[in-house]
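Novice: When you get a sec, could you give me coordinates for this:
(one chain, ligands or ions: 1)
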Amino acid sequence: NNTFPTLFVGQNLIRLPEVDSTNNFLKAIVSNSEPLAEGTVIMADKQFAGRGQQENTWYSEPGMNLTFSIYLSPLFLPITSQFLLNMAVSVGVRDAINDFLGGGLKVKWPNDLYYNDQKLGGILIENILSGSKYKAGIVGIGINVNQLNFDPMLLNRPISMGKILQRDVNLLELLAKICTHIEAQYLRLRSGNFNSLQNSYLSGLYRFKEKASYRRLGEVFEGTIIDVTEQGLLVMLSNGIEKHYNFKEVEFLNN
Ligand code: BTN
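Specialist: As a prediction, this is how the structure comes out:
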């Protein structure tokens with residue numbers, strides 16, 4: 001009952017007025033092995049226990065923004081290459097939002113959405129494995145769309161599309177665009193075109209090939225991001241030495 005120009009992503013759209021977290025809701029369905037069409041989207045007008053990465057909470061002003069989760073089932077993906085799903089999703093969301101903004105949105109490793117030095121949204125993908133195989137990817141996406149006021153105490157200096165564009169953005173129009181772009185990237189992933197996907201991810205990566213300051217275990221150092229692996233490791237060049245970092249092992253500092 002919607003008109004998204006996609007094959008499957010967003011064709012089954014469930015809109016809830018209120019839920020704890022769309023990721024939790026979707027995970028419960030998938031864990032019960034209830035039949036569910038791939039590409040199903042659970043969208044909520046209000047989440048009262050939205051979750052971010054690293055056990056953070058994701059707060060979003062009710063009715064103003066997009067908070068949704070997509071059910072994908074990348075059974076074709078070796079679990080050692082799990083991060084390729086993050087790449088496909090981040091590239092899709094980035095491209096969709098840039099269609100509205102005219103550019104400027106980047107992915108901050110691993111999958112934050114940044115406009116200049118401000119956070120516009122985030123992605124939380126929860127992989128459900130069955131033995132050593134992929135069962136499902138619960139792809140949670142939160143985007144600041146029309147919210148104009150943010151808690152000044154937040155460290156990542158949030159921003160919204162509405163603040164940038166100085167106008168409201170229609171939530172369903174944006175969702176349709178995001179579903180379209182994610183589907184395109186997901187199909188690219190499914191066709192095994194890993195290199196081109198990785199290149200797209202890197203080409204719009206925040207601070208890619210730029211020398212900047214980072215911190216690890218309390219120690220500040222200068223480094224340049226030169227790659228991100230299929231496993232999601234950040235590859236950095238620092239003082240002529242190549243180093244690989246795991247998620248959240250390294251902190252981005254503002255220069
Ligand atoms: C982050 O930047 O830390 C990731 C934020 C992800 C938030 C989205 S909102 C929809 C989905 N449901 C959740 O509880 N979290 C994700």
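
Novice: Poorly predicted segments of the stretch 151-255 of the chain, please.
Specialist: Applying pLDDT under 70 to the stretch 151-255 of the chain picks out residues 255.

Novice: near the ligand, which residues of the stretch 1-150 of the chain show up?
Specialist: Within the stretch 1-150 of the chain, the residues that sit near the ligand (C-beta under 6 Å from any ligand atom) are 21-23, 47, 50-53, 56, 58, 67-69, 112, 122-124, 140-142. All C-beta spots, glycine's among them, are computed from the backbone N, C-alpha and C.

Novice: now with 8 Å?
Specialist: Counting by C-beta under 8 Å from any ligand atom, the stretch 1-150 of the chain comes close to the ligand at 20-24, 44, 47, 49-54, 56, 58, 60, 66-69, 111-112, 119, 121-124, 140-142.

Novice: In ChimeraX, select just the buried ones from the residues you listed.
Specialist: Buried subset of those, written as a ChimeraX selection, criterion 16 or more other C-beta atoms under 10 Å:
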select :21,22,23,24,44,47,50,51,53,58,60,66,67,68,69,111,112,119,121,122,123,124,140,141,142
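
Novice: In helices, which of the residues of the stretch 1-150 of the chain next to the ligand fall?
Specialist: 22-24 (DSSP state H).

Novice: Now do the domain split for this structure, please.
Specialist: 13-203, 211-252 (automatic domain parsing).

Novice: How far does the longest one stretch from one end to the other?
Specialist: Using C-alpha to C-alpha, to the nearest Å, the gap from the first to the last residue of domain 13-203 comes to 31 Å.

Novice: contacting residues for M236?
Specialist: Residues near M236 by C-beta atoms under 8 Å, 6 or more residues apart in numbering: 214, 223-226, 242-245, 250.

Novice: one more time with 6 Å
Specialist: 223, 225, 243 (C-beta atoms under 6 Å, 6 or more residues apart in numbering).

Novice: For the ligand, what is the nearest residue in the protein?
Specialist: Proximity to the ligand, evaluated over the chain using C-beta to the nearest ligand atom, is greatest for G122 at 1.9 Å.

Novice: who's that residue bridged to?
Specialist: D112, G142 (DSSP bridges).

Novice: wait, it sits on D112?
Specialist: Yes. Using C-beta atoms under 6 Å, G122 makes contact with D112 at a distance of 5.2 Å.

Novice: And stretch 5-25, end to end?
Specialist: For stretch 5-25, the end-to-end distance is 25 Å (C-alpha to C-alpha).

Novice: Can you list the buried residues in that stretch?
Specialist: 6, 8-14, 19, 21-25.

Novice: ditto for stretch 196-206
Specialist: Applying 16+ other C-beta under 10 Å to stretch 196-206 flags 197-198, 200-202, 204-206 as buried.

Novice: Show me what it is in contact with.
Specialist: By C-beta under 6 Å, 6+ apart, stretch 196-206 touches 87, 91, 94, 106-108, 114, 188-189, 208.

Novice: for stretch 158-165, same thing?
Specialist: Residues contacting stretch 158-165 (C-beta under 6 Å, 6+ apart): 115, 118-120, 144-147, 150, 168-169.

Novice: can you name the two of the residues you listed that are farthest apart?
Specialist: Using C-beta to C-beta, these span at most 20.0 Å, a distance reached by K119 and D168.

Novice: among the domains of the chain, which is the most enclosed?
Specialist: domain 13-203 (a mean of 18; mean count of other C-beta atoms under 10 Å).

Novice: Off-centre distance for that domain?
Specialist: 4 Å (C-alpha atoms, centre = their mean, to the nearest Å).

Novice: Could you look up the SS state of the closest residue to V93 other than its chain neighbours?
Specialist: Leaving out its chain neighbours, the residue that sits closest to V93 by C-beta to C-beta, 6 or more residues apart in numbering is I178, at 5.7 Å. The three-state label for I178, taken from DSSP: H, G, I helix; E, B strand; the rest coil, comes out as helix.
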